[in-house]
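1. Quick one, what's the 3D model for this:
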Amino acid sequence: MACRDDQIILTALLFYVVNATLPQAQGLPWWNSKGLVVTVLLHVGPVEFIYYWLHRALHHHWLYARYHSHHHASIVTEPITSVIHPFAEEVVYFILFAIPLLSTVATGTASVAMANSYLLHIDFMNYLGHCNFELVPKCLFDVFPPLKYLLYTPSFHSLHHTQFRTNYSLFMPMYDYIYGTMDKSSDDLYERTLQGRDQVAARPDVVHLTHLTAPESVFHLRLGFASVASTPLGVGGATSASAGRLALRAASLLASPLLSLFASTFRSEANRLDKLNIETWVIPRFTSHYTSKSDGYAVSRLIEKAVSDAEASGARVLTLGLLNQGYELNRNGELYVIRKPSLKTKIVDGTSLAVAAVLHMIPQGTNDVLLLGTANKISFVLTLTLCKREIQVRMVNKELYECLKQQLQPEMRKHLVLSCSYSSKVWLVGDGLTEEEQMKAQEGAHFVPYSQFPPNKARKDCIYHCTPALLVPQSFENLHVCENWLPRRVMSAWRAAGIVHAMERWDAHECGGRVTGVHKAWTAALARGFRPYDHHQATTHGGRGEH
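-> All right, here's what the predicted structure looks like:
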């Protein structure tokens, strides 16, 4: 059985053999526009035509039983499904796809860019067709209707894996139209999938609404590169090497303009925990759009539409991840509840569980902490909880101090201290922690973020904790990618909060000024199989649990 690694090795060997044996393949120019024309014509003609009839032949019972059935063992496809074939079948495909490449070499129109671009095109379209998520926007077909004969969609090819005797085409459905093998439900399925009304798919109980961060975060989604998505954002794999990072950034910059075509969220992941169906929806915008005043209204409208779509899909809970819960954007989600008081889907910002996770990372025996950041909901709830435990909360920012002091009850204010000292061994840090501030910390100080974004590490002699997060239960299914900068099977506290909310069937929102309760959320999360996570806990200190 051939896998992706086998194909990469075989491709390299074949390129080497051709380059070593054919003088015409040596010393190729970087670009030749004639080669583009030759490649396109040969792909649309011979390659697509031969593949169509080869594919139909592979569905003959003799060939199907011995070869092609391996590929069709997956009815619910994933990108990796596209490269699961017996070796003999792979060899035939290599010969087929070599037609344009060898033809350009023979005609003297080959180029380095064209050869590599054609291979990337084959891989990308293969992964697209098997990703099991409908990504192709309808506006493309509205602007240019004939495109439906030249470009297949994930839903189009999914019917081939469920119906078996339809939709045989490689990437261009025109041959299915010509020879009458197009599945009649193709257009209808495409429409229903885009609208999120596919009756075949299980309705979500919980929707986690997140967004893209850096440009390369596109490839950290489940539908991106598996080797990249399986490592935390910015750590290890392709993103750690400078060449790999530059390549990803270049590719993401090319892909970024396409995101403007998306006028709504798209589903990037579907999971299951016990009887709970959980989905992750992505707002196709970057962090820079959220911090831009000019884009704020458009982003807010996208979030509001996602809330409406979640309610229409029957979701019981929607969690607001990353900057989707910003106070300036929607008052921590309360704006959508105000606009629709009868909203059945509960909006959860995850504050209670996030605070509980922060408390767990504070070393035992801590009597005072230094709080840095901005005055927001989580900093207030965190400060209030610490004051109730008689832990002194120091601040060096007078504006932050005055703001939090006004919100606290008089008997709690004695635990707040406006200080000029940075001597605390535990720093609770929000967004915007600067390198200059970090240099003022004592050696061995603990930086514990209560923000959804990790701070930039400027000190090697201090301890940096992860953003508030929990380990998921062992029974959590289909969790194959990392959530931003967290390791695999580690989930942000904000995302986990919505799952716990749904499992406990709490009939209240946690948004705006509403808080579920730190102790209540933490106890419920542990009872449901979630476990505390702190990547320094096992080696550097014991955690301060939420009791």
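
2. which residues touch the nearest residue to residue 433 once chain neighbours are set aside?
-> With Cβ to Cβ, 6 or more residues apart in numbering as the criterion, residue 433 has its nearest non-adjacent residue at 4.4 Å, and that residue is residue 455. In this view, the C-beta of every residue, glycine as well, is placed from N, C-alpha and C. Listed by Cβ atoms under 8 Å, 6 or more residues apart in numbering, the contact set of residue 455 reads 429, 433, 438, 447, 449, 464.

3. how does it look with 7 Å?
-> Listed by Cβ atoms under 7 Å, 6 or more residues apart in numbering, the contact partners of residue 455 are 429, 433, 447, 449.

4. got the phi/psi numbers for it?
-> The phi/psi pair for residue 455 (degrees, to the nearest 10) reads phi -80, psi 150.

5. Over to residue 422?
-> Note on residue 422: backbone dihedrals following degrees, to the nearest 10 are phi -110, psi 30.

6. from what I can see it touches residue 441, true?
-> Yes - between residue 422 and residue 441 there is a contact under Cβ atoms under 7 Å: 6.1 Å.

7. So between these two, which is more surrounded?
-> residue 441 (21 against 17; other Cβ atoms under 10 Å).

8. That one - that's part of a helix, no?
-> No - read with DSSP: H, G, I helix; E, B strand; the rest coil, residue 441 is coil and lies in no helix.

9. do you know how far it is from residue 7?
-> As defined by Cβ to Cβ, to the nearest Å, residue 441 lies at a distance of 50 Å from residue 7.

10. what's in contact with the helix or strand that residue 90 is a member of?
-> Using DSSP states H and E, residue 90 maps to helix 87-107. With Cβ under 7 Å, 6+ apart as the test, helix 87-107 has contacts from 2, 7, 10, 14, 22, 24-25, 35, 38-39, 42-43, 46-47, 50-51, 54, 67-68, 110, 114-115, 118, 122.

11. Ok, stretch 14-29 next?
-> Here stretch 14-29 makes contact (Cβ under 7 Å, 6+ apart) with 94, 105, 106, 108, 110, 111, 112.

12. Could you check how far the third one is from residue 100?
-> Put plainly, it is residue 106. For residue 106, the distance to residue 100 - Cβ to Cβ - is 11 Å.

13. between these two, who's got more neighbours?
-> More neighbours surround residue 100 than the other of residue 106 and residue 100, with 24 against 13 (other Cβ under 10 Å).

14. gap between that one and residue 430?
-> Counting by Cβ to Cβ - residue 100 and residue 430 are separated by 54 Å.

15. Can you give the distance from the helix holding residue 90 to the centre of its chain?
-> Remark: helix 87-107 is offset 34 Å from the chain centroid, using Cα atoms, centre = their mean, to the nearest Å.

16. and the angle for whichever helix or strand comes after that helix with helix 87-107?
-> Downstream of helix 87-107, the first helix or strand assigned by DSSP H and E is helix 112-130. Helix 112-130 runs at 150 degrees relative to helix 87-107, counting by axes from the mean of the first three to the mean of the last three Cα atoms, to 10 degrees.

17. in helix 112-130, what's buried?
-> 114, 115, 118, 122, 123, 125, 126, 127, 128, 129, 130 (16 or more other Cβ atoms under 10 Å).

18. quick check, nearest of those residues to residue 333?
-> Of all the buried residues of helix 112-130, residue 333 sits closest to residue 128, with 33.4 Å by Cβ to Cβ.

19. what sits against the closest one?
-> 135, 154.

20. ok, it to residue 94 distance?
-> In terms of Cβ to Cβ, residue 128 sits 20 Å off from residue 94.

21. again with residue 502
-> From residue 502 across to residue 94, the span is 48 Å (Cβ to Cβ).

22. Could you do residue 17 as well?
-> For residue 17, the distance to residue 94 - Cβ to Cβ - is 12 Å.

23. Now list the buried members of the contacts of residue 455.
-> Judged by 16+ other Cβ under 10 Å, buried ones among those: 429, 433, 447, 449.

24. quick revisit: list buried residues within the contacts of helix 87-107.
-> 2, 7, 25, 35, 38-39, 42-43, 47, 51, 54, 67-68, 110, 114-115, 118, 122.

25. Now tabulate the buried ones among the contacts of residue 455 in a markdown table and tack on pLDDT.
-> Below are the buried ones among the contacts of residue 455 laid out as a markdown table (pLDDT from 0 to 100):
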| residue | pLDDT |
| --- | --- |
| 429 | 98 |
| 433 | 94 |
| 447 | 97 |
| 449 | 97 |
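
26. In strands, which of the residues you listed fall?
-> Residues of those located in strands (DSSP state E): 429, 447, 449.

27. Looking at these, which is nearest residue 483?
-> residue 449 (15.0 Å).

28. Test of understanding: give the bridge partners of that closest one.
-> residue 429 (DSSP bridges).

29. Take the buried ones among the contacts of residue 455 and write them to CSV, including distance to residue 321.
-> What follows is the buried ones among the contacts of residue 455, written out as CSV (distance: Cβ to Cβ, whole Å):
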residue, distance to residue 321
429, 19
433, 21
447, 22
449, 15
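
30. contacting residues around residue 401?
-> Residue 401 sits next to 395, 416, 418 when contact means Cβ under 7 Å, 6+ apart.

31. Any idea how many residues pack against the last one?
-> Put plainly, it is residue 418. Other residues close to residue 418 by other Cβ under 10 Å number 13.

32. List the contacts of it.
-> 395, 398, 401.

33. so how far is residue 441 from it?
-> 18 Å.

34. still on that earlier bit, for the contacts of stretch 14-29, which one is nearest residue 208?
-> Nearest member of the contacts of stretch 14-29 to residue 208, counting by Cβ to Cβ, is residue 94, at 40.5 Å.
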